[in-house]
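below is the structure, and that's it, no one-letter string:
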């Protein structure tokens with residue numbers, strides 16, 4: 001029996017292969033005959049393939065191999081040395097992973113060339129490179145910070161570290177070299193002079209340089225520019241003699257030196273670092289779902305072209321059926337169109353993508369990756385996957401038309417007559433079920449905080465709406481009886497040709513819905529962020545921050561003079577913070593806290609707050625008022641300051657009467673708080689602690705002092721300790737900067753000018769309290785709206801063009817009965833309007849509904865959280881909606897503008 005079945009299976013397989021061969025030949029012939037439709041499909045498949053291929057090839061070239069990384073790091077040198085410790089260190093074979101032995105201190109003393117050369121074989125040459133040295137310059141009334149690199153570009157050992165593209169390498173202390181990005185940032189040119197932000201002598205741009213590993217704004221500093229502090233990582237590149245013996249890496253490791261050489265160390269003493277970043281299962285799932293949404297969008301855009309092709313070929317398909325072809329043969333013929341055009345689109349997209357990546361390589365290197373690529377190469381695995389997805393998109397787009405072709409009436413097809421599409425009630429029911437399930441899954445994902453589940457719900461919901469759209473088109477077409485002639489014909493054609501109109505409407509709906517939903521979330525999240533923002537100072541006031549390295553700062557009158565020249569009416573006060581008494585070790589710092597009196601702490605434990613009733617009581621308990629997300633200031637703050645009241649108004653925003661009362665308490669050796677729960681009988685208990693290497697802070701001193709609670713101002717927790725109280729606690733003080741009370745909030749230009757002028761006095765930074773995070777989401781919302789708008793216009797244009805090609809017989813009838821030539825333009829306008837208006841309206845409704853469901857689910861999750869969190873408001877992005885409302889009008893106007901008004905009369909045979 002098995003021997004009889006096997007030949008039958010082989011025959012069936014051979015018959016299927018012959019059938020597919022014939023179908024592919026028919027598809028190739030049809031592609032040549034319908035060149036316009038073929039070009040349309042190829043364009044819609046080729047464009048995403050081109051973009052993905054370009055990205056994949058560029059990424060592959062940007063990912064340097066180990067040999068390329070070593071060659072770029074070393075240039076012409078044989079090894080790179082970094083003296084990191086005062087004793088033995090362990091490293092892996094390539095020097096990527098290093099650590100110091102237990103008890104070995106790090107190297108803090110500067111390294112000299114002679115000291116290093118003494119440890120190397122005779123005849124070795126060394127050259128120092130400091131990779132990251134910050135350089136600040138004044139440009140256009142503002143301070144610009146760019147990366148600096150200190151090295152001698154004329155040293156043969158450093159050949160390959162950088163190239164001089166024009167001019168010469170900098171050698172003097174008043175010379176610099178800039179790369180192209182730095183020239184653009186600073187608005188300079190070769191031969192110009194630039195002014196350092198610290199007020200030192202101007203420097204001349206003597207060369208245009210380029211560092212392959214950093215194309216972002218970078219300045220080349222001469223080796224004679226020796227910074228007073230170690231402002232960057234210092235390495236030594238070494239040219240070793242040919243007879244350098246083995247064991248050099250081990251000997252240098254024993255002295256605390258890490259070695260990076262062209263060949264791996266023979267006996268590594270540390271495990272190599274793991275390269276790359278592994279994607280989690282959730283990230284992988286989210287990426288696949290987003291890619292699935294993109295694939296669905298391509299399928300919906302391409303599907304109408306295949307549907308129109310099936311209708312135009314209904315007589316040919318009917319002849320195949322008469323000749324003995326069954327439903328499987330008809331499906332294969334249509335699916336072969338998807339295979340042929342998918343393969344052609346994939347091949348064209350891959351070829352253009354690879355060629356575009358190679359041609360645009362210099363621009364992508366400079367403006368996207370910021371570094372030169374490695375060798376010219378492609379990403380074969382990624383390109384194969386992209387090609388497979390492109391073919392899959394073509395097959396999926398032809399799938400529904402293939403099933404339609406297999407079910408067509410053969411007699412009607414032979415006569416060339418249209419048959420009304422069969423209404424299947426199960427499709428809208430399936431669509432409604434998928435939409436409901438999608439909403440539930442998306443809400444579950446939002447509530448649980450699982451992104452992949454949320455996206456899965458969105459995908460299911462959109463698939464459900466795709467199934468429902470044909471029925472909705474048919475329902476709306478019934479309302480055409482009350483409309484004028486042109487819109488009535490447009491609605492009728494959309495209903496008769498649902499297989500092409502519904503996918504186009506669904507594509508527009510999916511793009512608009514995604515844009516609106518994401519726009520609502522972005523706008524709501526931005527509003528939530530702004531609502532949870534707690535200013536650290538009064539609006540418009542500023543803090544001038546010093547470097548924090550113990551450098552003495554300029555006197556207050558000098559700073560006040562500069563501030564008054566830029567911000568008239570402003571006052572400046574010195575700001576001090578508590579400091580550890582000498583001697584103190586590295587990494588040690590001291591703090592002061594206020595002890596909360598007994599009975600005033602929040603009485604609930606974290607375990608109790610899991611209960612909803614306990615959380616409700618805690619929210620109404622004033623003792624738990626501090627347990628709110630954002631209870632800490634969002635901007636730059638000074639939580640503890642040492643002051644006699646001079647900076648109090650600028651830091652807290654308290655009124656004159658409160659400031660005067662607080663001054664009296666500080667003069668009496670007391671302290672001032674902004675939370676009156678800490679005040680007991682007019683006194684405060686302060687505790688000073690030292691934080692260092694010990695696991696627990698060490699208490700330095702405790703004191704009970706007079707206290708005062710400010711009831712006005714910004715309302716964040718701040719503690720101001722008098723100098724007398726700090727002394728009682730055994731603390732010193734150190735100046736951290738200046739508080740500036742401005743008469744009016746400075747503009748961005750005023751802040752830039754103040755920053756530049758203060759930089760002349762030292763490394764001072766200006767921070768202005770703006771009352772918000774300062775992020776502007778309008779650009780993102782506009783990009784989302786423009787992206788969905790382009791898809792809307794494209795889908796409307798495709799569907800309108802296909803409808804015009806399909807409805808030429810109807811236009812001939814209109815011309816024969818006396819319709820005006822203008823009717824064709826009006827009809828095209830209405831056909832585009834059906835696609836664009838209906839798709840945009842559905843997309844806006846679906847997007848708003850999706851966003852509301854997600855935000856409500858998130859708020860339900862937030863409502864059970866502790867500490868209390870700010871809920872998400874529902875904010876409608878009117879900028880996005882405004883663009884999406886205008887886009888259908890643009891699509892309709894474009895359809896009317898590019899449609900010929902002449903109504904050609906054609907002979908009809910049916």
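Nice, thanks for sending it over. In this text, all values refer to a predicted model and were calculated from it rather than measured experimentally.

which stretches of the stretch 601-750 of the chain form helices?
Taking DSSP state H, counting those that start in this stretch, the helices of the stretch 601-750 of the chain run over residues 612-620, 648-652, 656-667, 723-728, 748-759.

most packed of those?
Of all the helices of the stretch 601-750 of the chain, helix 648-652 carries the top mean neighbour count, a mean of 25, counting by mean count of other Cβ atoms under 10 Å. Any C-beta I mention is one placed from the backbone N, CA and C, and that applies to glycine too.

what is the mean pLDDT for it?
Mean pLDDT, computed over helix 648-652, is 88.

which one of the helices of the stretch 601-750 of the chain lies nearest to residue 261?
helix 748-759 (41.7 Å; Cβ to Cβ).

domain assignment for the protein?
As assigned by automatic domain parsing, the chain contains the domains 24-78+283-419, 82-261, 426-533+777-910, 542-768.

rank these by mean pLDDT and give me the bottom one.
domain 426-533+777-910 has the lowest average pLDDT among the domains of the chain, namely a mean of 76.

work out the gap between that domain and the centre of the chain.
26 Å (Cα atoms, centre = their mean, to the nearest Å).

pretty sure residue 560 is in a helix, no?
Yes - per DSSP: H, G, I helix; E, B strand; the rest coil, residue 560 lies within a helix segment.

ok, it - contacts?
By Cβ atoms under 8 Å, 6 or more residues apart in numbering, residue 560 lies in contact with 571, 572.

if we use 10 Å, what do you get?
570, 571, 572, 573, 738, 740 (Cβ atoms under 10 Å, 6 or more residues apart in numbering).

dump those residues into a markdown table; add neighbour count and distance to residue 164 as well.
Output for these, formatted as a markdown table (neighbours: other Cβ atoms under 10 Å; distance: Cβ to Cβ, whole Å):
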| residue | neighbour count | distance to residue 164 |
| --- | --- | --- |
| 570 | 20 | 46 |
| 571 | 17 | 50 |
| 572 | 24 | 46 |
| 573 | 19 | 50 |
| 738 | 25 | 43 |
| 740 | 27 | 44 |
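
want to try TSV for the helices of the stretch 601-750 of the chain, with distance to residue 163 as columns?
Formatted as TSV, the helices of the stretch 601-750 of the chain follow (distance: least, Cβ to Cβ, whole Å):
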stretch	distance to residue 163
helix 612-620	63
helix 648-652	50
helix 656-667	60
helix 723-728	56
helix 748-759	31
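
of all the ones you listed, which one is nearest residue 545?
Closest to residue 545 of the helices of the stretch 601-750 of the chain is helix 748-759 (Cβ to Cβ; 10.2 Å).

surely residue 197 meets residue 186?
No - the pair residue 197 / residue 186 is not scored as a contact, 11.2 Å apart, by Cβ atoms under 10 Å.

what's the overlap in contacts for the two?
In contact with both residue 197 and residue 186: 137, 138, 139, 144, using Cβ under 10 Å, 6+ apart.

skip the chain neighbours and tell me the closest residue to the third one.
The one in question is residue 139. Spatial nearest neighbour of residue 139, chain neighbours left out: residue 186 (4.5 Å); criterion: Cβ to Cβ, 6 or more residues apart in numbering.

any chance of CSV for the domains of the chain, columns distance to residue 17?
Below are those laid out as CSV (distance: least, Cβ to Cβ, whole Å):
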stretch, distance to residue 17
domain 24-78+283-419, 10
domain 82-261, 53
domain 426-533+777-910, 29
domain 542-768, 64
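
relative to residue 9, which of these is closest?
Of these, nearest to residue 9 by Cβ to Cβ is domain 24-78+283-419, at 16.1 Å.

chain center to the closest one: distance?
With Cα atoms, centre = their mean, you get 27 Å for domain 24-78+283-419.

for the nearest residue to residue 830 once chain neighbours are set aside, pull up the helix or strand it's in.
In space, residue 830 comes closest to residue 490 once its chain neighbours are excluded; the distance is 3.7 Å by Cβ to Cβ, 6+ apart. Per DSSP states H and E, residue 490 falls inside helix 485-496.

in that helix, which residues are buried?
Within helix 485-496, the residues scored as buried using 16 or more other Cβ atoms under 10 Å are 486, 487, 488, 489, 490, 491, 492, 493, 494, 495, 496.

so which of the helices of the stretch 601-750 of the chain is nearest residue 850?
Going by Cβ to Cβ, the one of the helices of the stretch 601-750 of the chain nearest residue 850 is helix 612-620, 27.9 Å.

any idea how far that closest one is from the middle of the chain?
Helix 612-620 sits 38 Å away from the centroid of its parent chain (Cα atoms, centre = their mean).

same question, stretch 216-226
31 Å.

could you do stretch 115-134 as well?
Worked out by Cα atoms, centre = their mean, stretch 115-134 lies 40 Å from the chain centre.

likewise stretch 641-649?
41 Å.

between the helices of the stretch 601-750 of the chain, which gets nearest to residue 160?
Taking the helices of the stretch 601-750 of the chain one by one with Cβ to Cβ, helix 748-759 is closest: 35.0 Å.

what about stretch 490-505, start to end distance?
14 Å (Cα to Cα, to the nearest Å).

residue 602: neighbour count?
15 (other Cβ atoms under 10 Å).

any idea how far it is from residue 863?
19 Å (Cβ to Cβ, to the nearest Å).

quick check: residue 41 touching residue 307?
No - judged on Cβ under 10 Å, residue 41 makes no contact with residue 307 at a distance of 11.5 Å.

any common contacting residues for those two?
397, 398.

of these two, which one has the most company?
The residue with more neighbours, out of residue 41 and residue 307 and counting by other Cβ under 10 Å, is residue 41; that gives 30 against 27.

after the host helix or strand of the more buried one, which helix or strand is next?
For residue 41, the host element (DSSP H and E) is helix 35-62. Sequence-wise, the next helix or strand downstream of helix 35-62 (DSSP H and E) is helix 66-74.

ok, and what's touching that following helix?
63-65, 79-80, 94-96, 131, 157-158, 160-161, 211-213, 235, 237-238, 260-264, 275, 371-375.

inside strands: which ones of the residues you listed?
Per DSSP state E, strands hold the following members of the contacts of helix 66-74: 79, 80, 131, 235, 237, 238, 260, 261.

and the helices in the stretch 151-300 of the chain, which stretches?
Here the stretch 151-300 of the chain has its helices, by DSSP H, counting those that start in this stretch, at 180-186, 248-254, 281-312.

what's the separation between residue 255 and residue 115?
10 Å.

mutual contacts of those two, please.
In contact with both residue 255 and residue 115: residue 83, using Cβ under 10 Å, 6+ apart.

which residues are in contact with the closest residue to residue 182 other than its chain neighbours?
Of all residues not flanking residue 182 in the chain, residue 217 sits nearest, at 4.1 Å (Cβ to Cβ, 6+ apart). By Cβ under 10 Å, 6+ apart, the contact set of residue 217 is 135, 144-148, 178-186, 370.

residue 261 now?
Contacts for residue 261 (Cβ under 10 Å, 6+ apart) come out as 70, 74, 77-81, 93-95, 238, 240, 248-249.

swap the cut-off to 7 Å and go again
Applying Cβ atoms under 7 Å, 6 or more residues apart in numbering to residue 261 gives the contacts 78, 79, 249.

return a PyMOL selection command for the buried portion of these.
Of the contacts of residue 261, the buried ones can be selected in PyMOL as follows, counting by 16+ other Cβ under 10 Å:
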select buried, resi 78+79+249
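
neighbour count winner among residue 255 and residue 115?
Neighbour tally, residue 255 and residue 115, criterion other Cβ under 10 Å: the higher count belongs to residue 255, 15 against 11.

which one among the contacts of residue 261 gets closest to residue 553?
Relative to residue 553, the closest of the contacts of residue 261 is residue 79; by Cβ to Cβ it sits at 42.9 Å.

that concludes my questions; thank you for your assistance.
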